[in-house]
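[1] Build me a structure from this.
(2 chains)
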Amino acid sequence: VRSFELLGQRQYTPGSPAGWPDTSKSWDGSDALMHRVLWASRVADRYEQGIDPADFAASSLGAYARPETLTALRRAASSSQALALLLMSPEFQRR
Amino acid sequence: MHQLPSRTTRRRFLLGTGALAASAALPNVLFAHTGGSARLVVVILRGALDGLAAVPPYADPHYAGLHRELAISAPGVADGALALDNTFGLHPSFVFLHERFLAGELVVFNAVASPYRDRSHFDGQNVLENGLTKPIGTADGWLNRALAALPRGTGAAGERAVAISQNVPLILRGRAPVMSKSPQATPDVDEDLLARLADLYSKDEWFSARLSEAVQTDKLADGDGNTADSAAMRAQPAMASTPAMAGPRAAQNPAVKAAAPDKVNAVARMAATLMRSEGGPEVAVIEASGWDTHANQGGAKGALAQRLAGLDKALRGLADELGTLWPQTAVLVVTEFGRTAAMNGTRGTDHGTGACAFLAGGAVRGGRVIADWPGLSPTALLDNRDLRPTLDLRSVFKAVLDEHMHVDAKTLATRIFPDSSGARPLQGLIRA
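    Presented below is the predicted three-dimensional model:
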């Protein structure tokens, strides 16, 4: 639940009957980006055990993965860091 | 194009994390009762620490020429090494470790390595932790196998060990029950990750601008008691090739802060507090990252120097907090491999082989450097670039588990470290 709050959308509390806004304006600030970085690193810390970052990049992004992202994954200092980088890559966030 | 055996799609992954987020709210700390009196802390430095900076071989005739501006000068000059013997010193950031050395409570190892001989961080860390000679082949770690060979703890689930980590690192995974405790008291973001993201975003104007803004904001929000030094460190987290992170000011963002270089200090103190608590764990594993200094590594001062100072402070914090337990404690500090003997083109060092390690604590028969020094001459280097390892880290691990934790020698040689007959345990590392 806390991870939803970190992402700026507390579960079940959109503050408006229309639900959470789905325009980019509401999630594209630098503050929101920093929160996503924090979320990504926490998720990566918890999930790195079962996941190979390169496999995950292939199955989630496939041909959308940019070469520089794949290079960054390979160079990462740990598999958890690689996973966080993947989650925070522009193509993963935009897809 | 690629057919994968099990497909983790983006959507399935994100759905899974929602379910996990709910369970993460539950407390996951269980207390273990202690059995024996020995305490062991393993500190894993992820990212490959430069042993030639941490334990400078100042008297090696090739050292200064190879390591250039990253080299640490001989003891006795300004910013020189802290003297250990006629060949080696400690990096000037290691004030606490040097005190322990002089007190006979620190063994310094140099030219050590796990059996791993390639250059991948992941695989190197796997070999460091799984106790095998190759990165794959087992899902459990050598420290867990050692715990499994000891009598059960008397705690609810028989735990003897704790990992101060979001999840249990490989070294502690396996059959023996262990507990884990998340180090995150306050939200903060690893600065090494930020530097790598800046690099990843460098061709994407939109993300690049947002990240610059966020980092700038972060510095403003954090501008209270910080010294100029730590601000400089943050502006240039240095480890990746970092594009300028200047950007327009934005609103204050107190909720998320970049990790201070001494974050590991809080982790170490947390480990010690748990170990000291009634029925607390005898064994703890903590991790510190940010050692992958490909660029702007610095010498006696600079990015790596600050990291090392943070580590030194953490080890002091650990000792302080352990208090009366310190005399029965051994702290093992290891990294997955070393770095190149020569400075690279971006004033850093690349992945190498031979590294350094430390064994500190009141239980340690220290005040010694253990290094069969191969030298740094062109013919002595491994593959013409790396410090050649002359001691297998498993010889150190075996000695600590044998002499300190009293793990059965035969089990050590077979189940815990298979294929390790070439790595005989060192003798006399622990006080009798």
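[2] Wait, a strand at residue B:193?
    No: Residue B:193 is assigned helix when assessed by DSSP: H, G, I helix; E, B strand; the rest coil, not a strand.
[3] residue contacts, it?
    A:37, A:41, A:81, A:84, A:85 (C-beta atoms under 8 Å, 6 or more residues apart in numbering or on different chains). No exception for glycine: its C-beta is placed from N, CA and C like everyone else's.
[4] Can I get those residues in CSV including distance to residue B:382 and pLDDT?
    Converted to CSV, the contacts of residue B:193 look like this (distance: C-beta to C-beta, whole Å; pLDDT from 0 to 100):
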residue, distance to residue B:382, pLDDT
A:37, 37, 87
A:41, 34, 85
A:81, 27, 89
A:84, 32, 92
A:85, 30, 93
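[5] Just flag the most distant two among the residues you listed.
    A:37 and A:81 (11.7 Å; C-beta to C-beta).
[6] and these two? which has more neighbours close in?
    residue A:81 (28 against 22; other C-beta atoms under 10 Å in any protein chain shown).
[7] quick one: what helix or strand has that one in it?
    helix A:79-87 (DSSP states H and E).
[8] Also residue B:180?
    Element membership for residue B:180, per DSSP H and E: strand B:178-181.
[9] quick check: mean pLDDT across that strand?
    When pLDDT is averaged along strand B:178-181, the result is 85.
[10] Can you list the strands that that strand pairs with?
    If you go by DSSP bridges, strand B:178-181 pairs up with strand B:161-164 (parallel).
[11] Now do the buried residues in the partner strand.
    For strand B:161-164, burial by neighbour count (16 or more other C-beta atoms under 10 Å in any protein chain shown) applies to B:161, B:162, B:163, B:164.
[12] got it, and stretch B:171-180?
    In stretch B:171-180, counting by 16+ other C-beta under 10 Å, buried: B:171, B:172, B:173, B:174, B:176, B:177, B:178, B:179, B:180.
[13] same thing with stretch B:360-368?
    Of all the residues in stretch B:360-368, those buried under the rule 16+ other C-beta under 10 Å are B:360, B:361, B:362, B:363, B:364, B:366, B:368.
[14] From start to finish, how long is it in a straight line?
    Its start and end residues considered, stretch B:360-368 measures 11 Å (C-alpha to C-alpha, to the nearest Å).
[15] Could you list the low-pLDDT ranges of the stretch 51-200 of chain B?
    B:152-157, B:184-188 (pLDDT under 70).
[16] how about the residue of it found nearest chain A, what does it touch?
    In the stretch 51-200 of chain B, the residue that lies nearest chain A is residue B:166 (3.3 Å; C-beta to the nearest C-beta). With contact set as C-beta under 8 Å, 6+ apart, residue B:166 has these partners: A:42, A:45, A:46, A:80, B:180, B:182, B:183, B:184.
[17] 6 Å instead, please
    A:45, A:46, B:182 (C-beta atoms under 6 Å, 6 or more residues apart in numbering or on different chains).
[18] a markdown table for these, including distance to residue A:52?
    Listed next are those as a markdown table, based on distance: C-beta to C-beta, whole Å:
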| residue | distance to residue A:52 |
| --- | --- |
| A:45 | 16 |
| A:46 | 16 |
| B:182 | 24 |
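[19] Among those residues, name the buried ones.
    Judged by 16+ other C-beta under 10 Å, buried ones among the contacts of residue B:166: A:45, A:46, B:182.
[20] what's the closest of those residues to residue B:430?
    Looking across the buried ones among the contacts of residue B:166 and measuring by C-beta to C-beta, the closest to residue B:430 is residue B:182, at 31.2 Å.
[21] Just give the closest residue to that closest one, not the sequence neighbours.
    residue B:166 (5.6 Å; C-beta to C-beta, 6 or more residues apart in numbering or on different chains).
[22] pLDDT at residue B:210, what is it?
    84.
[23] Residues of chain A that sit close to chain B?
    Applying C-beta under 6 Å from any C-beta of the partner chain, we find that chain A lies next to chain B at A:1, A:3, A:30-31, A:33-35, A:37-38, A:41, A:43, A:45-46, A:55-56, A:58-60, A:72, A:77-79, A:81, A:84, A:88, A:90.
[24] Give me the buried subset of those.
    When those are checked against 16+ other C-beta under 10 Å, the ones flagged as buried are A:3, A:30-31, A:33-35, A:37-38, A:41, A:43, A:45-46, A:56, A:58-60, A:72, A:77-79, A:81, A:84, A:88, A:90.
[25] sorry, back to before: pull the CA atoms of the strand holding residue B:180 into PDB?
    Presented in PDB, the C-alpha positions along strand B:178-181 are these (Å, rounded to 0.1, in the frame of the first residue of the first chain):
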ATOM      1  CA  VAL B 178      17.300 -16.300   8.800                       C
ATOM      2  CA  MET B 179      15.500 -13.100   9.500                       C
ATOM      3  CA  SER B 180      15.700  -9.900   7.400                       C
ATOM      4  CA  LYS B 181      15.200  -6.400   8.500                       C
END
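[26] A strand includes residue B:288, no?
    Yes: Residue B:288 forms part of a strand when assessed by three-state DSSP.
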